[in-house]
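*Asks:* what's the 3D shape of this:
(chains A and B)
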Amino acid sequence: MAVVLVRIDDRLIHGQVVEGWVPVFRVQRIVVASEPAAADPTYRALMALSVPEEVALEVLPVAQAAKALEGPGVAADRTLVLVAGPQEALALLDAGARFDSLNVGGLHYAAGTLQIGKAIFLSDEDMRALDSIAARGVRIEGRAVPGDTPVDVLSLMRTKA
Amino acid sequence: MINIIIITHGEFGAYLVEAAEGIVGPQDGGVLCVGISARMSVVEVRGRLSEALERVRGKGEMIVVTDMPGGTPANVAIPLLKDRPEVPVISGVNLYMLVTAFNYRKTAATASELAEKMLSAGQRAVSNIRVLLAGRA
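*Replies:* Numbering: from 1, shown residues only, chains lettered A, B, ... in the order given. Model prediction:
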């Protein structure tokens, strides 16, 4: 497999992903790991419309997504993996996916969350999940688009919490 | 790096730049906006645009982008650029067109190559999404 980026973004596929990350990382395949998106045909069709024709798109439940990233027969295409939140990223690791860095791109405001970046707001549950992810040796950076300066999510989380 | 000068009715252009930078990241220089208001005379509009053109003089190629054909921004731009036939003047600016401009202004070899990309993206963005979705959902 050739996972070039694993990104947390509660908007999944949108402008920043399609116009920002896909060209810069020369992405050939996008795997969206999300139970609600996989179960919603309209949402899947909208995402398919947003992705450039030459980029393959798979929208799968987390466990299936993990399988689509690992093992024999999995294409070596430059792959971008999208999940909606830290819990899904952790579930992806639990399901057997392997990655050593994680981009936190967009987790928008909700009541009771802690702001650690322009569009990064974390709940207690998010922070616990990120801690578990980091404990498995995954580097975590916060950045909306490739041109932004990455922020150290974990240390900000600890100093602000 | 190709310069982009955006001239629009009101502050439409400046807001589009802000939105496009939110999608593909901040642009370091070479993007200028001129917003015209009903209180400005044509002379004043011409002055503002000349100033913007002056600021990028000698700093590489440029593209002038306006909002609609036949509007004052376009009507002022065309005569000002009558001796610069190599400068594309594109109307109908939209967010997708501008995002495309920002994505390719560093790597496009020429202004006309970038203009082609902007035109095709800008035209693609104008669609009835329900028609595009038909048969897919």
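*Asks:* low-confidence stretches in the chain?
*Replies:* Using chain A here. A:1 (pLDDT under 70).
*Asks:* was after chain B, sorry
*Replies:* B:137.
*Asks:* quick one, helices of it?
*Replies:* B:12-24, B:42-55, B:72-80, B:95-104, B:111-125, B:129-133 (DSSP state H).
*Asks:* right, and those - which one's nearest chain A?
*Replies:* Among the helices of chain B, the nearest to chain A by CB to the nearest CB is helix B:12-24 (4.0 Å). C-beta: built from backbone N, CA, C; applies to glycine.
*Asks:* just the angle between that closest one and helix B:72-80, please?
*Replies:* An angle of 100 degrees separates the directions of helix B:12-24 and helix B:72-80 when computed by axes from the mean of the first three to the mean of the last three CA atoms, to 10 degrees.
*Asks:* among the helices of chain B, which is nearest residue A:11?
*Replies:* Distances from residue A:11 to each of the helices of chain B were compared using CB to CB; the shortest belongs to helix B:12-24, at 11.5 Å.
*Asks:* what about dumping the CA coordinates of the closest one to CSV?
*Replies:* What follows is helix B:12-24 as a C-alpha-only set of coordinates in CSV (Å, rounded to 0.1, in the frame of the first residue of the first chain):
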residue,chain,number,x,y,z
PHE,B,12,-16.9,40.6,-4.2
GLY,B,13,-13.3,39.9,-5.4
ALA,B,14,-11.7,40.4,-2.0
TYR,B,15,-14.2,38.0,-0.4
LEU,B,16,-13.5,35.4,-3.1
VAL,B,17,-9.8,35.7,-2.5
GLU,B,18,-10.4,35.1,1.2
ALA,B,19,-12.5,32.1,0.5
ALA,B,20,-10.0,30.7,-2.1
GLU,B,21,-7.1,31.2,0.3
GLY,B,22,-9.1,29.2,2.9
ILE,B,23,-9.2,26.3,0.5
VAL,B,24,-5.7,26.2,-1.0
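*Asks:* mind listing what's buried along that helix?
*Replies:* With burial defined by 16 or more other CB atoms under 10 Å in any protein chain shown, the residues of helix B:12-24 counted as buried are B:12, B:13, B:16, B:17, B:20, B:21, B:22, B:23, B:24.
*Asks:* any residue of it touching chain A?
*Replies:* Yes: part of helix B:12-24 sits close enough to chain A to count as contact by CB under 8 Å from any CB of the partner chain, namely B:22, B:23, B:24.
*Asks:* count the neighbours of residue 3 for me.
*Replies:* I went with chain A, as the question did not name one. Using other CB atoms under 10 Å in any protein chain shown, residue A:3 is surrounded by 19 other residues.
*Asks:* could you do chain B instead?
*Replies:* Other residues near residue B:3 number 22, with proximity taken as other CB under 10 Å.
*Asks:* from chain A, which residue is nearest to chain B?
*Replies:* Chain B sits closest to residue A:147 of chain A, with a gap of 2.9 Å, by CB to the nearest CB.
*Asks:* could you tell me how many residues sit around the nearest residue to that residue once chain neighbours are set aside?
*Replies:* Ranked by CB to CB, 6 or more residues apart in numbering or on different chains and with sequence neighbours excluded, the top spatial neighbour of residue A:147 is residue B:25, at 2.9 Å. The tally of other residues near residue B:25 (other CB under 10 Å) stands at 20.
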